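[1] need a structure here:
(chains A and B)
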Amino acid sequence: MLEKIARSATVVVSIPGDMKPTNHKRERWTSKAGIILAVAGSAVGLGNFLRFPTQAVQNGGGAFMIPYFISFLLLGIPLIWIEWAIGRYGGLFGHGSAPLILSRMWKNRTMKYFGTIGVFGPLIIVIYYLYIESWLLGYTFFSATGKLTSIDTQEGMLGFLRSYQGLGSENLFAYTYLFFVITFVLNFAIIYRGIRSGIEMLCKIAMPLLFFMAIVLAVRVFMLGTPDPALPDANISAGLGFLWNPDFAALLDAKVWIAAAGQMFFTLSVGIGVILTYASYLTHGDDIALSGLTAGSLNEGAEVILGGSIVIPAAVAFLGIAGAKAVAASGSFNIGFVTMPFVLGKIPAGALFSFLWFALLFLAGLTSSISLIQPAISFLSDELSVSRKKATLILAAVTFILCQAPIFFLGNGVMDELDFWAGTFFLVVFATLEVVVFAWVFGIEKAWEQIHHGAELRVPMFYKFIIKYITPTFLFLILGFWLWQHGIPTLMLKDVPKENIPYIIATRVGLLILFIIIALLVRHAYYRKYKRGETS
Amino acid sequence: MNLGGWIFMILSWTGILSLIGFCLWRAHREPEDEL
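    Below you'll find the predicted structure:
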């Protein structure tokens, strides 16, 4: 009923003259709630619960929220609307992935190859993300059995993680691989069922469950009080203070502003091409302005309110400020897999809360990984006319083979290398490309009209200026700063152990070959459509 | 947590919850409300 009301409230705007809708039949979302939860599911991931609190602690505490919210207004929200609008526009012509959507918006011969990033990037992230996601499933299992919470030191927990990764003394690798296979099959089974019966149905169940589990954990953490009376300074209030007490001097440091913009960028799942694909399954009359903002704000709620209330307060309550500082410095990954199960193991019914913690992260990972698989499925089915089920099986076979690289060469830096290219470099490049194409080439007037077509929310006029000038400038600054600080040193193999260099070079060659293969498929798809007269 | 910390936490939480509330209100309002 509410859905009906919402749809009837849609502002009807005529389709511009140069837009000829395709007859190509594609799946559609069944409800507005479905796509909002799917996009929120894509955005809410490990970064919300692990990366955000670590970044806040390291960059001025409460003061970090000033650049963070400015980034949300100037970078996050515009990028959300841009990617939703590009995707829905592409869907009108039967395209669901970046190569042919961008080449339609910018009629330039090379654009389809730049657009290839929108299929290649998510696919590469999937290759290592599925493996990490499977660890979460494994840790959920070991929490349920009580094995995890029976480990009573952080060193022991680290040793368990190393063993789970196949790098430690205990041989747990059979479990590791089994949980990887289960996670892999689960992901592709959901994709196999399609948008409505697979992705939408999962997100409608998983997202409320995820929020529920996060709230339960946050409430439990808040109830910890002062767990050890012998350490009166180690308490929840101190934990919240560690995260929220503002250090205004940090605002004078450019790195803090870049960190806030980077966190905003990574948390919203923009710049990968997945929202673009999800939005392509909307009809042209569907709202994107309000839906996009809703999905973005749900992600912020999961990040700032829930993400900020679990890890850091719990770590301070048990380890004190000094211990939590050391943990935060060791990286967000260690907090999730080492500190949290250690801390949760110390409270009554620790196995249950450890189970909830890893189940929560697994659901967050699952709703993100299925969104990363979808652009390649959409490319195969929309542009190469492969049926969805066949496309799923083909992609599953290819992905399974590719996944073996980070599994078996984890200790050789292969996963970090994949993350550098797909999870960072291409992400920033692709987002910059999207903004430039949308606001400058497609044109800000047409772009503005696209955002407002079917809109249930009138976007304030000043966003026109922000989208055209501020957001691209912001992105170029992030790109430049990041290249200078991390990109060039990583590219030049700085700090890479000598014995890992052959593996890193082999990974780069493999990535290049994969990119060329996908680019050739894109070229084939483009000229196939060109002959049919579908690309003009 | 000091006063500044409380202020930042409460403002951030209130801001986000208000945004979520605003989005839900806009999505669920009756069409006549537009008038």
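
[2] next one: stretch A:143-154 to chain centre, how far?
    The gap between where stretch A:143-154 is centred and where its chain is centred comes out at 29 Å by Cα atoms, centre = their mean, to the nearest Å.

[3] for it, what is the average pLDDT?
    Averaging pLDDT along stretch A:143-154 gives 91.

[4] can you list the buried residues in it?
    Under the neighbour-count criterion of 16 or more other Cβ atoms under 10 Å in any protein chain shown, stretch A:143-154 has A:143-144, A:148-149, A:151, A:154 buried. (C-beta placed from N, C-alpha, C; glycine too.)

[5] residue A:389: which of those is nearest?
    Lowest distance from residue A:389 to these (Cβ to Cβ) belongs to residue A:144, with 33.3 Å.

[6] near chain A, which residues of chain B?
    Contact residues, chain B versus chain A (Cβ under 8 Å from any Cβ of the partner chain): B:1-2, B:4-9, B:11-13, B:15-17, B:19-20, B:23-24, B:26-31, B:34.

[7] can you say which of the residues you listed are buried?
    So, by 16+ other Cβ under 10 Å, the buried ones in those are B:1, B:4-6, B:8-9, B:12, B:15-16, B:19-20, B:23, B:26-27.

[8] Provide the secondary structure category for residue A:25.
    coil (DSSP: H, G, I helix; E, B strand; the rest coil).

[9] also residue A:149?
    coil.

[10] am I right that it is in contact with residue A:350?
    Yes. Judged on Cβ atoms under 8 Å, residue A:149 makes contact with residue A:350 at a distance of 4.5 Å.

[11] touching both of those two, which residues are there?
    residue A:344 (Cβ atoms under 8 Å, 6 or more residues apart in numbering or on different chains).

[12] ok, of the buried ones among the residues of chain B next to chain A, which one's closest to residue A:252?
    residue B:4 (16.6 Å).

[13] in JSON lines, list the buried ones among the residues of chain B next to chain A along with secondary structure and pLDDT.
    As requested, those are exported to JSON lines (DSSP: H, G, I helix; E, B strand; the rest coil; pLDDT from 0 to 100):
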{"residue": "B:1", "secondary structure": "coil", "pLDDT": "86"}
{"residue": "B:4", "secondary structure": "helix", "pLDDT": "90"}
{"residue": "B:5", "secondary structure": "helix", "pLDDT": "91"}
{"residue": "B:6", "secondary structure": "helix", "pLDDT": "94"}
{"residue": "B:8", "secondary structure": "helix", "pLDDT": "91"}
{"residue": "B:9", "secondary structure": "helix", "pLDDT": "94"}
{"residue": "B:12", "secondary structure": "helix", "pLDDT": "94"}
{"residue": "B:15", "secondary structure": "helix", "pLDDT": "96"}
{"residue": "B:16", "secondary structure": "helix", "pLDDT": "96"}
{"residue": "B:19", "secondary structure": "helix", "pLDDT": "96"}
{"residue": "B:20", "secondary structure": "helix", "pLDDT": "96"}
{"residue": "B:23", "secondary structure": "helix", "pLDDT": "95"}
{"residue": "B:26", "secondary structure": "helix", "pLDDT": "90"}
{"residue": "B:27", "secondary structure": "helix", "pLDDT": "86"}
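
[14] could you find the closest non-adjacent residue to the closest residue to chain B within the stretch 1-150 of chain A?
    When scored by Cβ to the nearest Cβ, the stretch 1-150 of chain A has residue A:62 as its residue closest to chain B, at 3.0 Å. For residue A:62, ignoring the flanking residues on the chain, the nearest one in space by Cβ to Cβ, 6 or more residues apart in numbering or on different chains is residue B:8 at 3.0 Å.

[15] how about the contacts made by the one you found?
    Contact partners of residue B:8, counting by Cβ under 8 Å, 6+ apart, are A:61-63, A:65, A:244, A:246.

[16] possible to save the residues you listed as CSV with neighbour count, secondary structure and pLDDT?
    Listed next are the contacts of residue B:8 as CSV, based on neighbours: other Cβ atoms under 10 Å in any protein chain shown; DSSP: H, G, I helix; E, B strand; the rest coil; pLDDT from 0 to 100:
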residue, neighbour count, secondary structure, pLDDT
A:61, 24, helix, 86
A:62, 26, helix, 87
A:63, 22, helix, 89
A:65, 22, helix, 90
A:244, 27, helix, 92
A:246, 20, coil, 90
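
[17] max pairwise distance over these: which two?
    A:63 and A:244 (9.5 Å).

[18] can you list the residues of chain A near chain B?
    Within chain A, the positions adjacent to chain B are A:2, A:5-6, A:8-9, A:32, A:61-63, A:65, A:69, A:237-238, A:240-241, A:243-246, A:290, A:293-294, A:297-298, A:300-301, A:304-305, A:308, A:456-457 by Cβ under 8 Å from any Cβ.

[19] picking that back up, look up how far residue A:344 lies from the residue of the stretch 1-150 of chain A closest to chain B.
    The spacing between residue A:62 and residue A:344, counted by Cβ to Cβ, to the nearest Å, is 26 Å.
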